[in-house]
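> pasting a predicted model and its sequence here:
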Number of protein chains: 2
Amino acid sequence: MSDKKEKQEPRQVIFNINKEKEFSDWFGEIVKVAELADIRYGVKGFTPFLPWSYMTMDIMFGLLEDALKRKKHLPMLFPTVIPEKNLTKEADHVEGFTPQVFWIKDIGSSEELEEKLALRPTSETAIYPMYSLWIRSWRDLPLKRYQRCSVFRSEIKSTRPFLRGREFLWIESHNVFATHEEALAQVMEDLETTKEVVSDEYELPVMIFRRTQWDKFPGGLNTYAADTLMPDGKVIQLPSTHDLGDNFAKAFDITFLDENNEYVHAWQTCYGPAVSRIFGAVISIHGDNKGLRLPFKLAPYQVVVIPIVRGKNAEEVVSYCKKVESKLAKAGIRVFLDDSDNTPGWKYNYWEMKGVPIRIEAGPCDIKEEKIVLFRRDTMKREPCELKNLKKRVYALGKEIDKTLRTFAESKFEGLVVDCVSLGEMEDALNKGKIARIPFCTTEMDGLECAEEIKERTGGEMRGTRMDVKESPEGVCPVCGRAAQEVAYVARSY
Amino acid sequence: MSDKKEKQEPRQVIFNINKEKEFSDWFGEIVKVAELADIRYGVKGFTPFLPWSYMTMDIMFGLLEDALKRKKHLPMLFPTVIPEKNLTKEADHVEGFTPQVFWIKDIGSSEELEEKLALRPTSETAIYPMYSLWIRSWRDLPLKRYQRCSVFRSEIKSTRPFLRGREFLWIESHNVFATHEEALAQVMEDLETTKEVVSDEYELPVMIFRRTQWDKFPGGLNTYAADTLMPDGKVIQLPSTHDLGDNFAKAFDITFLDENNEYVHAWQTCYGPAVSRIFGAVISIHGDNKGLRLPFKLAPYQVVVIPIVRGKNAEEVVSYCKKVESKLAKAGIRVFLDDSDNTPGWKYNYWEMKGVPIRIEAGPCDIKEEKIVLFRRDTMKREPCELKNLKKRVYALGKEIDKTLRTFAESKFEGLVVDCVSLGEMEDALNKGKIARIPFCTTEMDGLECAEEIKERTGGEMRGTRMDVKESPEGVCPVCGRAAQEVAYVARSY
């Protein structure tokens, strides 16, 4: 039987693709080889999320939810379906989302629904009619709620697991306030949450923008969003937060009795971190040519323990490894002992490709000396460690690894932004994978034509004006020649 | 301004409905008053789950997931939609589920899908085509996976929040084995998990049945399920687990290369705890005439702290309460300080109705004595406690409360089962809210007619034969008069 087992040993998984040069291949292959998603499901844009990605995303959701709960948001869950009449209540919103909606009309083999139901593309139109019933007086405000769920949008662009799917996983937070000032403070709090979670826990550096008027959330006043940089030089949007003003309150009749005993419309915001998409950015940005490199804070297994077994010492080594495993588990570390019958070499390759931050190797000689060998995935370096220092060293190493990944990601931002004053300079910059910073006429609707001209000539999209950096415009718009009112950023994007 | 605040103080929430006598009213009212779900969403059978129910269900999910992970199941997540062709692959399954399916055919305002998509009523037909691709050899087995998700079934019966909805929340675990013996062992493990979680953590006593052949999961060999008793004398199904045999493996071509290098069909099980439904049972069974009584293990807030503020001591008392709150939070207890400007009496009523297991009351006199008053929701009794013993006492009280709730629920099982040998006796027993235990011809398909006769005459449904108690049949079937091959249970049910 042991013969047959060896015969059937899985092939070596040696991942080796140049991420920077062949990013599209790298992404497609790592999704497959690391078993993150399966594109063979048979429905365009819908993919199963497999354990390794799901467990990572679950941890990512947990960190976001912790932050939201600290800031007094409560969780809830609305139905997946929305009646058609709700969707049509806010004119801009219906125009923005209806083309992307999946509709349910039939039940079973014959029955037809009285009213079409939409699979939620986002939940404003599901939630706000209920808010209209729930909110009565200033005592009910602020109302801060969120839900973790799937949303469904029939993307016209080509789909890609995680980065662009027709069903994706997100948190949507929907908040109601008595004044516009409080709503704007919530927008700032959301941007702070983005920094705390996406930058400091997912280790992704971001630039924060106010989007242009033609690129904002349909039905809102203003959209603020974080962008990060993918390895192919394109930017990708991470969480966005929207100042809805009182537009939706008017459309959905959300009023409250204020302290002067008068009914007035409420002010609203919503915030939508698309965790499955951010996961796509996390793996793309932190990965290297050998596969994934998951941050210690996000890895489903932070440590994998591998017994270096030679002949008759097998049992003794495995039991020593179990001791190591249980020591770490007790310290609250997510640890996995790989005691399968694959060779140590096979396991090294496999777990390196999967991006486990720390590997522990333990062989017969380590037992008497009460030590092990630590291997870190970020630098691919080994170091010895005494068992008595293990917990402390693993935590320290975890921090170091996350710092390395963050520093590496940040290094890509260096020299990234190039000042341009003409379409030619912009095209040049974008071709080199840079982001163009330009003086621009206006991000009000009046600037749309200039942005379209820029898009046509350079392939770059306008990301808006920076929120995290104060910038004053000088000069003229490179398209229309009017005096620049803003400093805008142009980049190729997802 | 303080005048106006007082004018607008919310009405007192004094819940008082006789749960045993008017259960249907009790349930409808508590769902509304405790803000668990809102039936005004506007789509039959779909209700938003509000923070108090969602947070409780999230804790319930967490306990189940912990148990599944301990038993080596890994989480994953499949798409919400299933292509029509998948659904039709297993003949009994398609017959059982298709009448209940919500179908998607259209996108946006004009586009039509090439193939209809079903909203998943359960995910066998989504998952198993992928299992067919993933499973190659005996080395890939056992495969133990689960997902936490919504499922959608167009119920014909009238809908009710939590207990019977068209969208409900569950975990579905889908497992593949090399032999039928291993699959059967998984069924036993699932029943063990039900006991560990549903009985020992949710505090619900259960009876475990093997269902009849006409009441099993469509397409499976056998269904095993836990039933518990609702306050109206009807039983309700909690988690069920299914021995699928190799039926689905044959329909979906799930084969593996065995250790003799031959391709053979795999054996499968699935397990489906419907957490939103179990939540409905939890609140119904543990609640009392004054509202909810949540088990300490499940309550979103295990302790609520209420400052007894009189005049100028307000600030001092609130800051003492904050100290109490932070002491408990550090000890890992879910605690909420209600420092709103409602009166202490209002808060007492409110949090009693919401079912928070322990209340802490602290006033000016308690500060110097370094003590507080503990109030337990289960018995409605108060006791003093010194601050230095607080953590220990709260944990001990939590255990006591859960034990009281469990004992109370178990007391309803006493004398519940009545032995009957005729249809008249059965009718009598069921009318008294009892469960009839009868000698029965057979739970194979051959017994269906007798069961239908019983249903018609007594209104009772056959729950199957006990798995958790060994029972030997004596006598004859009360309908057909054939020798009884089984001891079966008949009850009114949800």
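Done, it's in. Residues are numbered from 1 along each chain as shown, chains lettered A, B, ... in the order given.

> from here on, just use CA atoms for contacts and neighbour counts.
Will do.

> count of neighbours near A:Arg376?
By other C-alpha atoms under 10 Å in any protein chain shown, the residues close to A:Arg376 number 23.

> show me the contacts for the residue lying closest to A:Pro75 once chain neighbours are set aside.
Using C-alpha to C-alpha, 6 or more residues apart in numbering or on different chains and skipping the chain neighbours, the partner closest in space to A:Pro75 is A:Tyr146 (5.0 Å). Taking C-alpha atoms under 8 Å, 6 or more residues apart in numbering or on different chains, we find A:Tyr146 in contact with A:His73, A:Leu74, A:Pro75, A:Met76, A:Leu77, A:Ile171, A:Glu172, A:Ser173, A:His174.

> which residues of the stretch 1-150 of chain A score low on pLDDT?
A:1-12 (pLDDT under 70).

> which parts of the one helix or strand A:Thr407 maps to are buried?
A:Thr407 belongs to helix A:390-411 when assigned by DSSP states H and E. Judged by neighbour count using 16 or more other C-alpha atoms under 10 Å in any protein chain shown, the buried positions of helix A:390-411 are A:390-391, A:394, A:397-398, A:401-406, A:408-410.

> from chain B, how far out is A:Phe177?
From A:Phe177 across to chain B, the span is 17 Å (C-alpha to the nearest C-alpha, to the nearest Å).

> wouldn't A:Thr458 be in contact with A:Glu427 here?
Yes: counting by C-alpha atoms under 8 Å, A:Thr458 touches A:Glu427, with 4.7 Å between them.

> most centrally placed residue in chain A?
A:Ile278 (1.5 Å; C-alpha atoms, centre = their mean).

> near chain B, which residues of the stretch 201-350 of chain A are found?
The interface of the stretch 201-350 of chain A toward chain B, taken as C-alpha under 8 Å from any C-alpha of the partner chain, is made up of A:Glu259.

> so the residue in the stretch 201-350 of chain A that chain B sits nearest to, which of the three states?
Proximity of the stretch 201-350 of chain A to chain B (C-alpha to the nearest C-alpha) peaks at A:Glu259, 7.0 Å away. Three-state call for A:Glu259 (DSSP: H, G, I helix; E, B strand; the rest coil): coil.

> would you list the buried residues of helix A:390-411 in JSON lines and tack on pLDDT?
Output for those, formatted as JSON lines (pLDDT from 0 to 100):
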{"residue": "A:Leu390", "pLDDT": "97"}
{"residue": "A:Lys391", "pLDDT": "97"}
{"residue": "A:Val394", "pLDDT": "98"}
{"residue": "A:Leu397", "pLDDT": "98"}
{"residue": "A:Gly398", "pLDDT": "98"}
{"residue": "A:Ile401", "pLDDT": "98"}
{"residue": "A:Asp402", "pLDDT": "98"}
{"residue": "A:Lys403", "pLDDT": "98"}
{"residue": "A:Thr404", "pLDDT": "97"}
{"residue": "A:Leu405", "pLDDT": "98"}
{"residue": "A:Arg406", "pLDDT": "98"}
{"residue": "A:Phe408", "pLDDT": "96"}
{"residue": "A:Ala409", "pLDDT": "96"}
{"residue": "A:Glu410", "pLDDT": "97"}
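
> ok, these vs chain B, which is closest?
A:Lys391 (21.9 Å).

> so which residues of the stretch 51-200 of chain A form strands?
Taking DSSP state E, counting those that start in this stretch as the criterion, the stretch 51-200 of chain A carries its strands at A:74-75, A:81-83, A:102-107, A:111-119, A:143-152, A:167-177.

> mind putting those into CSV with distance to B:Trp134?
Shown next, in CSV, are the strands of the stretch 51-200 of chain A (distance: least, C-alpha to C-alpha, whole Å):
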stretch, distance to B:Trp134
strand A:74-75, 36
strand A:81-83, 32
strand A:102-107, 29
strand A:111-119, 30
strand A:143-152, 25
strand A:167-177, 22
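
> do you know the pLDDT at A:Lys157?
Confidence at A:Lys157, expressed as pLDDT, is 76.

> what about it, how many residues nearby?
9.

> where's A:Arg492 relative to B:Pro307, distance?
Relative to B:Pro307, A:Arg492 is positioned 57 Å away (C-alpha to C-alpha, to the nearest Å).

> next: A:Met55.
Applying C-alpha to C-alpha, the value for A:Met55 to B:Pro307 is 41 Å.

> these two: which is more packed in?
B:Pro307 (26 against 21).

> what sits against that one?
B:Val317, B:Val318, B:Cys321, B:Asp338, B:Asp339, B:Pro344, B:Glu361, B:Ala362, B:Gly363.

> surely the last one meets B:Ile308?
Yes: in this structure, B:Gly363 sits in contact with B:Ile308. The criterion is C-alpha under 8 Å, and the distance is 4.6 Å.

> anything in contact with each of the two?
B:Val317.

> quick check: the two most widely separated of the contacts of A:Tyr146?
Across the contacts of A:Tyr146, the longest distance by C-alpha to C-alpha is 13.1 Å; it joins A:His73 and A:Leu77.

> quick one: pLDDT of the residue lying farthest from the centre of chain A?
Largest separation from the mean C-alpha position in chain A: A:Lys312, at 47.2 Å (C-alpha atoms, centre = their mean). On pLDDT, A:Lys312 comes in at 75.

> same question for the one 3 residues further on.
The predicted structure scores A:Glu315 at 90 on the pLDDT scale.

> and it, what helix or strand is that in?
helix A:314-330.

> tilt between that helix and helix A:390-411?
Here helix A:314-330 runs at an angle of 70 degrees relative to helix A:390-411 (axes from the mean of the first three to the mean of the last three C-alpha atoms, to 10 degrees).

> contact partners of the helix or strand following helix A:314-330?
Using DSSP H and E, the helix or strand that follows helix A:314-330 towards the C-terminus is strand A:335-337. Residues outside strand A:335-337 that contact it (C-alpha under 8 Å, 6+ apart) are A:Tyr301, A:Gln302, A:Val303, A:Val304, A:Val305, A:Ile306, A:Cys321, A:Lys322, A:Glu325, A:Leu328, A:Ala329.

> just the buried residues of the residues you listed.
Looks like these have A:Tyr301, A:Gln302, A:Val303, A:Val304, A:Val305, A:Ile306, A:Cys321, A:Lys322, A:Glu325, A:Leu328 buried, using 16+ other C-alpha under 10 Å.

> give me the neighbour count for the nearest residue to the second one once chain neighbours are set aside.
Put plainly, it is A:Gln302. In this structure, A:Gln302 finds its nearest non-sequential neighbour in A:Arg334, 5.3 Å apart by C-alpha to C-alpha, 6+ apart. By other C-alpha under 10 Å, the residues close to A:Arg334 number 17.

> A:Arg334 reaches A:Val305, doesn't it?
No: if you go by C-alpha under 8 Å, A:Arg334 and A:Val305 don't touch, sitting 11.1 Å apart.

> domain assignment for chain A?
Here the domain assignment for chain A is A:23-286, A:303-400, A:417-491, based on automatic domain parsing.

> quick one: the shortest one to chain centroid distance?
I take that to be domain A:417-491. With C-alpha atoms, centre = their mean, to the nearest Å as the basis, domain A:417-491 stands 26 Å off its chain's centre.

> likewise for stretch A:377-395?
The chain centroid and the centroid of stretch A:377-395 are separated by 29 Å under C-alpha atoms, centre = their mean.

> what average pLDDT does stretch A:443-450 get?
97.

> may I see the buried residues of that stretch?
A:Thr443, A:Gly447, A:Leu448, A:Cys450.

> the first one: what secondary structure?
Following three-state DSSP, the label given to A:Thr443 is coil.

> any idea how far the closest residue to it other than its chain neighbours lies from A:Leu238?
Leaving aside its chain neighbours, A:Thr443 sits nearest to A:Thr212 (4.8 Å; criterion: C-alpha to C-alpha, 6+ apart). In this structure, A:Thr212 and A:Leu238 are 16 Å apart, going by C-alpha to C-alpha.
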